[in-house]
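S.K.: Based on what follows, work out the 3D shape:
(one chain, ligands or ions: 1)
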Amino acid sequence: MSSTDPDHTLTSLLAPRQDAPRLLALTILWHPDAERIGEQFIAPSAEVAVGRFAPPFAAPAGAALPLGHRCVAREPLRLHYRPDGQVALAPPASRMHLEVDGAAVGAPLLLAAARLDAGVVLGLGGAVLLCLHWMDRLPDGADMPALLGVSSAAIRLRGQIRQAAATDLPVLLLGETGSGKEVAARAIHAAGARRAEPMVAVNMATLNEALAAADLFGAEKGAYTGALAARPGWFAEAGAGTLFLDEIGNAPAPIQPMLLRVLESGEYRPLGARRDARSQARLIAATDQDLAAGGFNQPLLRRLEGFVIRLPPLRERRADIGLLIRQVLRGWAARGGAAAPALPAAFVDQLCRHDWPGNVRQLAGAVQRALLDVDAGLAPRLDAPAAAPAPGPAGAAPAARARLAELSPQAVLDALQQNGWRIRAAALALGVSRPSMYKLIDAHPDIRSLAAIAPEEIDAALARHGPDAQRCAAALRTPSEPLRRHLRLRGGPA
Ligand SMILES: Nc1ncnc2c1ncn2[C@@H]1O[C@H](COP(=O)(O)OP(=O)(O)OP(=O)(O)O)[C@@H](O)[C@H]1O
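M.R.: Modelled structure (predicted):
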């Protein structure tokens, strides 16, 4: 741990040094040969000339080849990283159509250094898209297939995951909705010494406040009304593995001091038990909220911050967008057995420049819908209604929030009914985050929270519909996940 580290966390050891050299880099976002997507050229000097036959682009440990495509002019466009930090761009002396961030360019221009932080999208000849960006670290072997990315931010993230995996510290994952927090938690578990033990993921926002303590810490038989059998709780189920507490900012207030106690002493008391139990589990928590802003138990926050990892939003790492699009295309081919329909380069250009408040999840949804459109002979559109952004509860853009308010109660009800009353599936269908889905449900006049339903009514639904939690949920007009947990706690059907 660094003695000058004001946060006293390991994270600062990995923070890029202010004086770290940064190099100009070009990453292939789109190419008629999809295998080329993600290949990079990292400039060894301040001058780069990009044409059909040079420079060579390569994947880590792969062969290096020039862009090669006939739409790219032989005459190169020239980039010059100037001492004042700006990048001068001179178009080629040819008829090739050149676009810079969607605008046609026919004359030299200067790019401010800050534009390259997120990545500038260069369109060459209407067929090849490149991302011009900075690199402040070397490409890695990208040995975490669930966490794609060739940007410096993606490489830094994988490095932090490897470091966190080598420790037993609690980890706090911070990032906007859809930015990959759960994927990162699973990668930490998979890369650590506990990989052979279970990983249990709990969404704190779905916990029923009255039952949360029993859910997490377990309960003795008869510990509360309806507890027909003892149950272990998530801490015991995680054993010596990893307990992932997603959306920790939504942890019910009475639970927070109990979590603090486990983190401080390793001990907790199952409901109705005479003595404490010991937790062996490693804790990873995630949130898209600012937990320091108020409401959340601050000593608990300090404990969770053993190792803090910030997941960068997609709009700050455009160099990764091509690989993420290709992942969806490959998924389509793997599911359907046939290659995915071709997406127009102009549409991919839009995808690469979009702001993606719902991050990777929203991008993947937009690409899926575009593929369905193209397959049906329609032109893909980025502004299709279903492609509405998935805002998080905190930090959501005003435009995204407005769109959330535009969702009618009927649309929310339809999404639940069509998705077996499952919150996660309905949130995906509406293109909103799970925290937003909870807010929509709370505000809905015709959807009830489980706590508001009398036990006799639940019993009557069970008697009528049998042990089918989804049918009971539909009959009770309540989401099925909390009902399923409630039934499990009672020792009944799930
Ligand atoms: N770097 C990545 N490479 C490939 N897929 C990714 C990456 N990051 C995220 N994804 C995918 O994006 C989707 C959202 O990721 P994930 O559920 O981990 O996000 P999250 O930050 O936990 O979201 P939320 O806060 O809404 O729960 C998942 O389908 C995941 O597989």
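S.K.: Give me the domain ranges for the protein.
M.R.: 22-135, 152-310, 314-406, 448-489 (automatic domain parsing).
S.K.: could you dump these to TSV with mean neighbour count?
M.R.: No exception for glycine: its C-beta is placed from N, CA and C like everyone else's. Output for the domains of the chain, formatted as TSV (neighbours: other C-beta atoms under 10 Å):
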stretch	mean neighbour count
domain 22-135	17
domain 152-310	19
domain 314-406	18
domain 448-489	17
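S.K.: any chance of those domains in CSV, with mean pLDDT and distance to Q418 too?
M.R.: As requested, those are exported to CSV (pLDDT from 0 to 100; distance: least, C-beta to C-beta, whole Å):
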stretch, mean pLDDT, distance to Q418
domain 22-135, 95, 33
domain 152-310, 93, 20
domain 314-406, 80, 13
domain 448-489, 83, 11
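S.K.: For M135, grab phi and psi.
M.R.: Taking degrees, to the nearest 10, you get phi -120, psi 130 for the backbone angles of M135.
S.K.: Now do the contacts for it.
M.R.: Neighbouring residues of M135 by C-beta atoms under 8 Å, 6 or more residues apart in numbering: 22-25, 40, 42, 152.
S.K.: Could you count how many residues lie near the nearest residue to P479 once chain neighbours are set aside?
M.R.: Nearest non-adjacent residue to P479, counting by C-beta to C-beta, 6 or more residues apart in numbering: I423, 4.9 Å away. By the criterion of other C-beta atoms under 10 Å, I423 has 22 neighbours.
S.K.: Against P357, how distant is I423?
M.R.: For I423, the distance to P357 equals 20 Å [C-beta to C-beta, to the nearest Å].
S.K.: can you check W134 too?
M.R.: Counting by C-beta to C-beta, the gap from W134 to P357 is 23 Å.
S.K.: Could you do G38 as well?
M.R.: G38 is 24 Å from P357, by C-beta to C-beta.
S.K.: What of R310?
M.R.: In this view, R310 and P357 are 17 Å apart by C-beta to C-beta.
S.K.: try L79
M.R.: Applying C-beta to C-beta, the value for L79 to P357 is 30 Å.
S.K.: just F244 next, same as before
M.R.: 24 Å.
S.K.: same check, this time on L207
M.R.: Taking C-beta to C-beta, one finds L207 at 26 Å from P357.
S.K.: my guess is G249 meets A292, correct?
M.R.: No - applying C-beta atoms under 8 Å, one finds G249 not in contact with A292, separated by 10.7 Å.
S.K.: list the contacts for the residue of the chain found nearest the ligand?
M.R.: For the chain and the ligand, the shortest gap (C-beta to the nearest ligand atom) falls at G180, measuring 2.7 Å. Residues near G180 by C-beta under 8 Å, 6+ apart: 147, 311, 359-360.
S.K.: again, but for G218
M.R.: Residues near G218 by C-beta under 8 Å, 6+ apart: 230-233, 235-236, 270-271, 273, 277.
S.K.: For those, give me TSV that also has secondary structure and distance to the ligand.
M.R.: Formatted as TSV, those follow (DSSP: H, G, I helix; E, B strand; the rest coil; distance: C-beta to the nearest ligand atom, whole Å):
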residue	secondary structure	distance to the ligand
A230	coil	31
R231	strand	25
P232	coil	25
G233	coil	22
F235	helix	21
A236	helix	24
P270	coil	28
L271	strand	28
A273	coil	32
A277	strand	29
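S.K.: Contact residues of the stretch 251-400 of the chain facing the ligand?
M.R.: Residues of the stretch 251-400 of the chain found near the ligand (C-beta under 6 Å from any ligand atom) are 288, 324, 327, 360-361.
S.K.: So which of the residues you listed are in helices?
M.R.: Using DSSP state H, the subset of those located in helices is 324, 327, 360-361.
S.K.: Widest-spaced pair of these?
M.R.: The span of these, defined through C-beta to C-beta, is set by Q327 and R361 at 12.3 Å.
S.K.: In the stretch 151-300 of the chain, mark out all the helices, start to finish.
M.R.: For the stretch 151-300 of the chain, the helices defined by DSSP state H, counting those that start in this stretch cover 152-165, 181-191, 212-217, 234-238, 255-265, 298-304.
S.K.: Which among those is found nearest to L462?
M.R.: helix 212-217 (19.5 Å).
S.K.: okay if I get the contacts of G218 as a markdown table plus distance to E220?
M.R.: Putting the contacts of G218 into a markdown table (distance: C-beta to C-beta, whole Å) gives the following:
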| residue | distance to E220 |
| --- | --- |
| A230 | 5 |
| R231 | 9 |
| P232 | 11 |
| G233 | 11 |
| F235 | 15 |
| A236 | 12 |
| P270 | 6 |
| L271 | 7 |
| A273 | 5 |
| A277 | 11 |
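S.K.: what two of the residues you listed are the furthest from one another?
M.R.: Within the contacts of G218, A230 and F235 form the most distant pair, 14.2 Å apart (C-beta to C-beta).
S.K.: about what we covered before: may I see the domains of the chain arranged in TSV, with distance to D442 as well?
M.R.: Below are the domains of the chain laid out as TSV (distance: least, C-beta to C-beta, whole Å):
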stretch	distance to D442
domain 22-135	35
domain 152-310	11
domain 314-406	12
domain 448-489	7
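S.K.: closest to L413 out of the ones you listed?
M.R.: domain 448-489 (8.6 Å).
S.K.: The closest one and the ligand in contact?
M.R.: No - using C-beta under 6 Å from any ligand atom, domain 448-489 never reaches the ligand; the gap is at least 14.0 Å.
S.K.: quick one: N208 from A452, how far?
M.R.: According to C-beta to C-beta, N208 stands 11 Å off from A452.
S.K.: one step back: ok, so of the residues of the stretch 251-400 of the chain next to the ligand, who is nearest V128?
M.R.: Nearest member of those to V128, counting by C-beta to C-beta, is L324, at 17.8 Å.
S.K.: Please list all residues in contact with the closest one.
M.R.: Counting by C-beta under 8 Å, 6+ apart, L324 makes contact with 148, 314, 360, 363-364.
S.K.: Please repeat the previous calculation with a cut-off of 6 Å.
M.R.: Remark: with contacts taken as C-beta atoms under 6 Å, 6 or more residues apart in numbering, L324 is in contact with 148, 360, 363.
S.K.: Show me what the helix or strand where the last one lies is packed up against.
M.R.: With the criterion set as DSSP states H and E, the secondary-structure element containing L363 is helix 359-375. When contacts are defined as 3 or more C-beta pairs under 6 Å, 6 or more residues apart in numbering; DSSP states H and E, helix 359-375 sits against helix 321-336.
S.K.: roughly how far is stretch 73-83 from the heart of the chain?
M.R.: 35 Å (C-alpha atoms, centre = their mean, to the nearest Å).
S.K.: Next to the ligand, which bits of the stretch 101-250 of the chain? Give me the list.
M.R.: Residues of the stretch 101-250 of the chain lying near the ligand (C-beta under 6 Å from any ligand atom): 146-149, 175, 177-183, 246.
S.K.: again, only using 5 Å
M.R.: Contact residues, the stretch 101-250 of the chain versus the ligand (C-beta under 5 Å from any ligand atom): 147-148, 177-183.
S.K.: tell me the two of those that are most distant?
M.R.: Maximum distance among those (C-beta to C-beta): 18.2 Å, for L148 and T177.
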